[in-house]
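[1] When you get a sec, could you give me coordinates for this:
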Amino acid sequence: MRILQTVSVKQVLTEMSKYKLLKKYKNNKQQLKKECDQLLFEMKKLERTRKFTQTGLKTQFDKEIAMRKEKVKLIDFQIEQLDLLPIGSELHDQDIQAIIDIKVGDNWEEITKGKTIVITDGIITEIRER
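    Here you go, the predicted structure:
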């Protein structure tokens, strides 16, 4: 029989991965700022046409802009934390599903412990039993 099991994937922080993460964070931040500018532009454009109620329209746009600004703050925090982390630190990257073969007589506790995959610069360097 086969079952699904969640496997944790961790990334070892190297100079290369730190650079890539920093670049990804900055790109995401820039994209969110562009979206805020676009939303402001669209709001002003719709305000001029006067086809929608002013308060409802402004509230919805303000909510969307605030949500993006909050994401920018989170990215700024992640960048600060990344700068503090020493090279060699392990960062939780993602959880994936793995198919595990089980049979009668297997130790259930060993099977349910789970596994962790450790990646260094895109290469699997270790598979750990938790």
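[2] helices or strands up against the strand or helix carrying Gly56?
    Assigned by DSSP states H and E, Gly56 belongs to helix 54-84. Judged by 3 or more CB pairs under 8 Å, 6 or more residues apart in numbering; DSSP states H and E, helix 54-84 is in contact with helix 15-49. C-beta here means a position set from N, CA and C on the backbone, and glycine is covered the same way.
[3] list the helices and strands the helix it packs on packs on?
    Using 3+ CB pairs under 8 Å, 6+ apart: helix 15-49 touches helix 54-84.
[4] Any idea how far the helix it packs on is from the middle of the chain?
    How far helix 54-84 lies from its chain's middle: 15 Å, per CA atoms, centre = their mean, to the nearest Å.
[5] Please name the bridge partners of Thr6.
    Using DSSP bridges, the bridge partners assigned to Thr6 are Gln97.
[6] can I assume Leu4 sits in a strand?
    Yes. Counting by DSSP: H, G, I helix; E, B strand; the rest coil, Leu4 falls inside a strand.
[7] How much space separates it from Asp106?
    16 Å (CB to CB, to the nearest Å).
[8] got it, and Thr112?
    Taking CB to CB, one finds Thr112 at 10 Å from Asp106.
[9] Start and end of stretch 86-95, how far apart?
    End-to-end distance of stretch 86-95: 23 Å, with CA to CA, to the nearest Å as the criterion.
[10] avg pLDDT for it?
    Stretch 86-95 shows an average pLDDT of 94 in the prediction.
[11] Okay, buried residues for that stretch please.
    With burial defined by 16 or more other CB atoms under 10 Å, the residues of stretch 86-95 counted as buried are Leu91.
[12] ok, residues contacting it?
    Stretch 86-95 is contacted from outside by 6-15, 18, 85, 118-119, using CB atoms under 8 Å, 6 or more residues apart in numbering.
[13] circling back to that earlier point, can you pull the buried residues of the helix holding Gly56?
    Residues of helix 54-84 classed as buried: 57, 61, 65, 71-72, 75, 78, 82 (neighbour count, 16+ other CB under 10 Å).
[14] neighbour-wise, which of Leu4 and Asp106 wins?
    Comparing Leu4 with Asp106 by neighbour count (other CB atoms under 10 Å), the higher total belongs to Asp106, at 12 against 9.
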